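>>> sequence first, predicted coordinates after that:
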Amino acid sequence: MWGMSYKVVEYIREDGFSPYEEWFMGLDTIAAAKISTAILKMEQGNFSNVKWFSGIGEYRLNWGPGYRVYIGQEGNRFIILLGGGTKKGQQKDIDRALELWGEYKDRKAQQKKK
């Protein structure tokens, strides 16, 4: 994955709502900068802090309350930002990311049928 560039975008629900943006906008300035740096690293192909499971990835930041960014991968170079959280709410955040990823895949399948 190193050396390749990736397109990283937010998942936007059918109603125009971005779960990732809602989470990100609630962060303080320093946390937002750290998360933005993590996104930049992913765009550059650095997924060393990502643990993949159940079809999604969890980017772990070992800083502050242990921030997490939840992602899905579409194709070889397309990363979808599903949401974020902290170590404390990890299971709830994982469950939400899995739900959103399923929703994304369902919408994608419906679009292919049209």
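On my side now, so go ahead. In this text the structure is predicted, and so the values were computed from the model without any measurement.
>>> any idea how far the residue located most distally from the centre of the chain lies from R13?
Centroid-distance maximum for the chain: K114 at 27.2 Å, with Cα atoms, centre = their mean. With distances taken as Cβ to Cβ, to the nearest Å, K114 is found 18 Å from R13. C-betas here are computed from N, CA, C, even on glycine.
>>> and L40, by the same measure?
L40 is 25 Å from R13, by Cβ to Cβ.
>>> where exactly do the strands run in the chain?
7-10, 50-53, 56-60, 67-74, 78-86 (DSSP state E).
>>> in this protein, where is pLDDT below threshold?
1-3 (pLDDT under 70).
>>> next, count neighbours for the closest residue to I39 other than its chain neighbours.
Excluding its sequence neighbours, the residue lying closest to I39 (Cβ to Cβ, 6 or more residues apart in numbering) is V8, at 5.6 Å. By other Cβ atoms under 10 Å, 19 other residues sit near V8.
>>> and the longest helix for the chain?
Criterion DSSP state H: the longest helix present in the chain is helix 90-113.
>>> who does that helix touch, helix- and strand-wise?
Contacts defined by 3 or more Cβ pairs under 8 Å, 6 or more residues apart in numbering; DSSP states H and E place helix 90-113 against strand 56-60, strand 67-74, strand 78-86.
>>> many thanks, have a good one.
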